[in-house]
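[1] Need coordinates for the below:
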Amino acid sequence: MEILIEKEELSDYSIGNEDLVSLKTMGHIYEICYLQKKNNEIKTQLIDKDHYIYKKTGEVFKCNHIDNRAESKFQVGQSLKRLRDYINTNVVDTNKCKWITLTYKKNMTDSKQLYNDFKRFMTRFKRRFKEYKIEYIVAMEPQSRGAWHCHCIIIFDRVAPFIPNATIEVLWEQGFTKTTKLDNIDNIGAYLTAYLGDMEFTKENIQELEKQGLNVSQMALKEVNEIEGIKLKEPKSFIKGARLYMYPPKFNLYRISRGIKKPKKEYFSYHVAKEKAGLRLPTYTKGIKISDTDNSFDNIIIYEYYNTKRK
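    Below you'll find the model as predicted:
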């Protein structure tokens, strides 16, 4: 027996003024979330690493161990959402931040070495700029050929110094680096995480995926003309979820330093939450109905996002 969750997007939904909602504050971005029902019942309990019990019937089942992160898309989606929240909560002044990509000159595919190399880089970086208090958020991304690179946001306690790319490459010691400005982006979290799951539809990427036994023709494509309001010079096609096949099981897509702040989450009636978000129209809304296949639970979830930098 396998309990599956089904998800259906809703086109018609609304929140009542007195309904209880959560309000998550992330810099200049607010998220209001309404749950029609709260499920506090735990249906399963892990017995050991290979077995769990379904408490409703007392039956014992074997755990399905995954080979890559694509087999656990819900958990990946939650990881990317937490990453977006951390970025938007902590990157509130782009003048204090550097967005740096760290690339290997060789085809380095060892995920353990990846994090060890990054830790050494940050140790050298903090020593080089010891007059600043520095925090970081880093996301690891595999290329189609399996090689790793790092996308790192470094956050200074005041206006960030000018750092030549050559200096960063010396501190990195592993290959090439690139520093990109974050100006004129009003949802940096969404912008920077947009590509972490999908892979650009190119001949090289298709060949690499097919080498791993994947049938690209059966994978969904999406065309992107803009990311969070930022127009691309030319539309790009992406293979949805393709990059997730490159992540090892239980791999941490991102890591944060100790001083990174968590989003602030509070509970209010809907009209109070709207007041705190500035009584403006939502930038983005989404309604979802979820249910499990044994018909024991269903719920409606409504999300509203407010971006105070948008008119």
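[2] Can you pull up the most central residue in the protein?
    Centroid-nearest residue in the chain, with C-alpha atoms, centre = their mean: Leu80, separated by 1.6 Å.
[3] what's the burial count for the closest residue to that one other than its chain neighbours?
    Excluding its sequence neighbours, the residue lying closest to Leu80 (C-beta to C-beta, 6 or more residues apart in numbering) is Thr193, at 5.2 Å. For glycine as for every other residue, the C-beta is placed from the backbone atoms N, C-alpha and C. Using other C-beta atoms under 10 Å, Thr193 has 19 neighbouring residues.
[4] now swap in the one 10 residues further on and tell me
    Burial measure for Lys203: 7 neighbouring residues, criterion other C-beta under 10 Å.
[5] That one and Lys236: what is the separation?
    14 Å (C-beta to C-beta, to the nearest Å).
[6] returning to that earlier point: quick check on the residue nearest to Leu80: phi, psi?
    Note on Thr193: its backbone torsions stand at phi -100, psi 0 [degrees, to the nearest 10].
[7] Please tell me how far it sits from His271.
    According to C-beta to C-beta, Thr193 and His271 sit 31 Å apart.
[8] do the same with Ile47
    Ile47 is 46 Å from His271, by C-beta to C-beta.
[9] got a list of what Ser14 touches?
    Ile302 (C-beta atoms under 8 Å, 6 or more residues apart in numbering).
[10] looking at this, it is in a helix?
    No - with DSSP: H, G, I helix; E, B strand; the rest coil as the criterion, Ser14 is located in coil rather than a helix.
[11] In three-state terms, label the residue nearest to the centre of the chain for me.
    helix.
[12] Hmm, Leu253 and it touching each other?
    Yes - contact criterion C-beta atoms under 8 Å: Leu80 and Leu253 qualify, at 7.0 Å.
[13] Helix or strand next in line after the strand or helix carrying Glu234, which one?
    Applying DSSP states H and E as the criterion places Glu234 in strand 230-239. Of the helices and strands lying after strand 230-239 in sequence (DSSP H and E), the nearest is strand 254-256.
[14] any idea of the mean pLDDT for that following strand?
    What strand 254-256 shows for mean pLDDT is 93.
[15] again, but for stretch 154-174
    95.
[16] buried sites along it?
    Ile154, Ile155, Phe156, Ala160, Ile163, Ile168, Glu169, Leu171, Trp172, Gln174 (16 or more other C-beta atoms under 10 Å).
[17] can you tell me the distance between the two ends of that stretch?
    18 Å (C-alpha to C-alpha, to the nearest Å).
[18] Show me the contact partners of it.
    90-91, 95-98, 100, 102-105, 108, 117, 120-121, 124-125, 128-129, 132-137, 175-179, 260.
[19] again, 7 Å this time
    90-91, 95-98, 100, 102, 104-105, 117, 121, 124-125, 128-129, 132-136, 176-177, 179 (C-beta atoms under 7 Å, 6 or more residues apart in numbering).
[20] Out of those residues, which end up buried?
    90-91, 96-98, 100, 102, 104, 117, 121, 125, 129, 132, 134-136, 177.
[21] neighbouring contacts of stretch 128-147?
    83, 86-87, 90, 104, 107-109, 114, 118, 122, 126, 148-157, 161, 171, 196, 199, 204-205, 208-209, 243, 246-247, 253-257, 259-260.
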